[in-house]
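Trainee: below are the sequence and a predicted model; questions follow.
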Amino acid sequence: VGGNTKFYGAALFRFREEDFGELRHHGGMSPAWPVTYDELEPYYTEAERLYHVHGTRGEDPTEPFATGPYPHPAISHEPRIQELHDSLQRIGRKPFHTPLGVMLNETDRRLSPCIRCATCDGHPCLVNAKADAQVVGVDPALEYTNATLMTRALVTKLGTNAGGTSVTKVHVERDGKALELSADIVVVSAGAINSAALLLRSASEKHPRGLANGSDVVGRHYMGHVNSVLMAISTKVNATVFQKTLSLNDYYFGDEKFPHPMGHISFVGKLDAATLSAGAPRIVPGFTLDLMAKHSLDFWLTSEDLPDPNNRVTLSKDGRITLSYKPNNDEAHKQLTKRLKYLLNHLDGKWHIVPRNLFVGQRIPLAGVAHQNGTIRFGDDPRTSALDRNCKAHELDNLYVVDASFFCSSGAVNPALPIMANALRVGEHLME
């Protein structure tokens, strides 16, 4: 319960205003959304409040306008990260505090649910202090008598009325038994891969290519970002515990030498020897795995991948999910990595740059689907989209898809906050 937010690192960014319009990349064109940033802004503000986001407006040179401050102050840097922040500022860069959704009270730590531990990124929070969908969404909803959570349940198919215009049955397997549920409104929110698979699995005589798939876009245009981890190892010890407090967007839209969007630089949770050993890393001369971890700054780099109809979710003959993906816009990511290495080489200290992808043979492999999006895109034209601007299926009057599937493009920051904001937007529409 809580989906991918149980494991996310709680970085909650707004997409840039420009991300909602057509944006030319080195690898092609990122398409426009049918809604604008202005339309989504009030819901971003509400999502930041709901998910306890900490940050400081005005630090990020690319940030869009906001109607108010973050609900909580930025989370402070630990000494090694503060040192990096100051060094980057000295060479003219503009680092900023990463907006983070955690329940941390730095003014009075006795009252703080968050203990600022090393396992926020990639792990469920054992003290329920990370603002995930279970803690801030599902659990409060269950306090109402008209909300029920059914666990151990697998939705296998959606059935429709004879005309194929409404979902009338939700087929469920639970504890070895088949159930049929129904509702006036059915919302699918299983993640971009599983939501697409469910609609494809729900093909019928009226929907032969899959439910809501007259446009043939369901399952297509899968995106997940071009992501990589890069370890920068210096002679200085990095004793940081909670590392994900600093970000850099100076190259988000490119620079003079590469006038195309490159992406976003931030941090992963602090790597340790056990994590490194899983990837069988090459050893930096004179360093053991433990020493490498203690001396490393562990960067996360994200570039936008572009929607390609051949990057897609399909079903095999026996119903298994197949994900086909060919990376694109690689040059932007190479240029972003090059910029980070250049910056580090101009800071104080001697650096060894060790890309984590060398440890595992590639960047973040296809199995890394934390940023999955785009497989049931929304739009105003039913010929080229599966959902309308309110995320209702064009071809059905009571089916909505409200996860990252609706994305037309992926931006170059974590997609969590746009998903949350859009869910609030669609929820308000449903109440009207």
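Mentor: Arrived safely, thanks for sending. Numbering: from 1, shown residues only.
Trainee: does the nearest residue to residue 119 once chain neighbours are set aside count as helix, strand or coil?
Mentor: With CB to CB, 6 or more residues apart in numbering as the criterion, residue 119 has its nearest non-adjacent residue at 7.0 Å, and that residue is residue 269. The C-beta positions use only the backbone N, C-alpha and C, and glycine is treated the same way. Local secondary structure at residue 269 is given as coil here, using DSSP: H, G, I helix; E, B strand; the rest coil.
Trainee: look up how far residue 412 lies from residue 269.
Mentor: Look at residue 269 and residue 412: by CB to CB, to the nearest Å, they are 20 Å apart.
Trainee: of these two, who's got more company?
Mentor: When residue 269 is set against residue 412 and neighbours are counted by other CB atoms under 10 Å, the residue ahead is residue 412, at 33 against 21.
Trainee: low-confidence ranges in the stretch 101-250 of the chain?
Mentor: Within the stretch 101-250 of the chain, no stretch has pLDDT under 70.
Trainee: tell me the contacts of the spatially closest residue to residue 27 that is not a sequence neighbour?
Mentor: Computed as CB to CB, 6+ apart, the closest residue to residue 27 that is not its neighbour in sequence is residue 329, at 3.4 Å. Listed by CB atoms under 8 Å, 6 or more residues apart in numbering, the contact set of residue 329 reads 25-28, 226, 303-306.
Trainee: is residue 57 in contact with residue 70, as I believe?
Mentor: Yes: with the criterion set as CB atoms under 8 Å, residue 57 and residue 70 qualify as a contacting pair; they are 6.6 Å apart.
Trainee: the two - which one has more neighbours?
Mentor: residue 70 (20 against 14).
Trainee: which one is the more buried one nearest to, not counting chain neighbours?
Mentor: By the measure of CB to CB, 6+ apart, the closest residue to residue 70 outside its immediate chain neighbours is residue 55, 4.0 Å from it.
Trainee: burial of the one you found, as a residue count?
Mentor: For residue 55, the number of neighbouring residues by other CB under 10 Å comes to 25.
Trainee: show me the contacts for it.
Mentor: By CB under 8 Å, 6+ apart, the neighbours of residue 55 are 70, 72, 74, 97-100.
Trainee: again, but for residue 428
Mentor: Applying CB under 8 Å, 6+ apart, we find residue 428 in contact with residue 43.
Trainee: try 10 Å this time
Mentor: Residue 428 is in contact with 42-43, 46, 390, counting by CB atoms under 10 Å, 6 or more residues apart in numbering.
Trainee: returning to what we had before: how much space separates the residue nearest to residue 27 from residue 418?
Mentor: When CB to CB is the yardstick, residue 329 and residue 418 sit 19 Å from each other.
Trainee: same question for residue 122.
Mentor: Where residue 418 is concerned, residue 122 sits at a distance of 21 Å (CB to CB).
Trainee: wait, residue 332 sits on residue 264?
Mentor: No: here residue 332 does not reach residue 264: they are 11.1 Å apart, not a contact under CB atoms under 10 Å.
Trainee: shared neighbours, those two?
Mentor: 251, 303-304, 412.
Trainee: out of these, list just those in helices.
Mentor: Secondary structure from DSSP state H places none of the shared contacts of residue 332 and residue 264 in helices.
Trainee: most widely separated two among those residues?
Mentor: Taking every pair in these and measuring CB to CB, the maximum separation is 12.2 Å, between 251 and 304.
Trainee: ok, residue 307 to residue 379 distance?
Mentor: When residue 307 is compared with residue 379 (using CB to CB), they lie 12 Å apart.
Trainee: which one of the two has more residues nearby?
Mentor: For the pair residue 307 and residue 379, the greater number of neighbours falls to residue 307 (24 against 21), based on other CB under 10 Å.
Trainee: what residues are up against the residue lying closest to that one once chain neighbours are set aside?
Mentor: If the residues on either side of it in the chain are set aside, residue 307 comes closest to residue 221, at 3.8 Å by CB to CB, 6+ apart. With contact set as CB under 10 Å, 6+ apart, residue 221 has these partners: 31, 192, 196, 306-313, 373-377, 385, 405, 407-410.
Trainee: what count of nearby residues applies to residue 274?
Mentor: Applying the criterion other CB under 10 Å, we find 10 residues in the vicinity of residue 274.
Trainee: let me fix that: residue 382
Mentor: Residues near residue 382, counting by other CB under 10 Å, number 15.
Trainee: with neighbour numbers in mind, choose between residue 122 and residue 418.
Mentor: The residue with more neighbours, out of residue 122 and residue 418, is residue 418; 27 against 12, by other CB under 10 Å.
Trainee: so that one touches residue 14, yeah?
Mentor: Yes: under the criterion of CB under 10 Å, residue 418 lies in contact with residue 14, with a separation of 7.3 Å.
Trainee: now rank the contacts of residue 55 by neighbours and give me the top one.
Mentor: The most crowded member of those is residue 99, carrying 28 neighbours; neighbours defined as other CB under 10 Å.
Trainee: isn't that residue up against residue 73?
Mentor: No: the pair formed by residue 99 and residue 73 falls short of the contact definition of CB under 10 Å, at 11.3 Å.
Trainee: which strand or helix spans the residue at the greatest distance from the centre of the chain?
Mentor: Among residues of the chain, the one most distant from the C-alpha centroid is residue 162; the distance is 37.8 Å, by CA atoms, centre = their mean. Assigned by DSSP states H and E, residue 162 belongs to neither a helix nor a strand.
Trainee: residue contacts, it?
Mentor: So residue 162 contacts 168, 205-206 (CB under 10 Å, 6+ apart).
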